[in-house]
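# Show me how the following folds:
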Amino acid sequence: MTDPKKRLIVMGDRVLISPEEDKIRTDVGLYLPKSVAEKEPVQTGRIISIGPGIPLPDPQDIEDEPWKGFQNASSRHMPMQAKAGDIAIFLKKAAVEINYDGKIYLVLPQAAILVLLREDLPPLKNVDIS
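Predicted structure coming up:
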C-alpha cells in the first residue's frame, strides 16, 4: 500500500514512465525469446509524471558569482514537450529502472524520447509553404 505522505517527484527535464511489456510475439505470430525482445533499441510506455523542465538562468543576473543571490532567486524552467498521459517511444539505453511500491517505472531525460502519441490534439492541417 502506498504511504500517502510519500510521492515521487521528477526532477529537471526527466520523465517518469510506466513501461509496456516487451513485445515477445511478432506480427505474423512467431514468439521471440525474451533475450531478443530485450535487445530492441526502443521501448514504449505511458508517461506518468514530468519534471519542471530545463532550469534557465535569470537574464537580469549579471553578477560574477551567480550563486550569491540564489536564495532569493525565483526558478524559471524551459517547459517540457512531454505531458502526463502521453505514450512515448524512447531509447531503452537512456532509461533507469526503479521499483516503487512494487511497480516498475523508468526515468529518462526528455531528449531520449523519439516520438510522443497524444490523443487530445486536433488533426494537422495541410500548410502551403510555396
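
# Mind checking what helix or strand follows the helix-or-strand element of the chain with minimal mean pLDDT in sequence?
One helix or strand of the chain scores below all others by mean pLDDT, DSSP states H and E: helix 34-38, with a mean of 61. Sequence-wise, the next helix or strand downstream of helix 34-38 (DSSP states H and E) is strand 42-50.

# what is the mean pLDDT for that following strand?
Mean per-residue pLDDT for strand 42-50: 92.

# which parts of that strand are buried?
Q43, T44, G45, I47, I48, S49, I50 (16 or more other C-beta atoms under 10 Å). Just so you know, the C-beta spots here come from the backbone N, C-alpha and C atoms, and that holds for glycine as well.

# gap between the last one and V15?
Distance of I50 to V15, computed by C-beta to C-beta, to the nearest Å: 5 Å.

# Identify the contacts common to these two.
Counting by C-beta atoms under 8 Å, 6 or more residues apart in numbering, the contacts common to I50 and V15 are M80, A82, Q110.

# Could you check how far the first one is from Y105?
For M80, the distance to Y105 under the criterion C-beta to C-beta works out to 17 Å.
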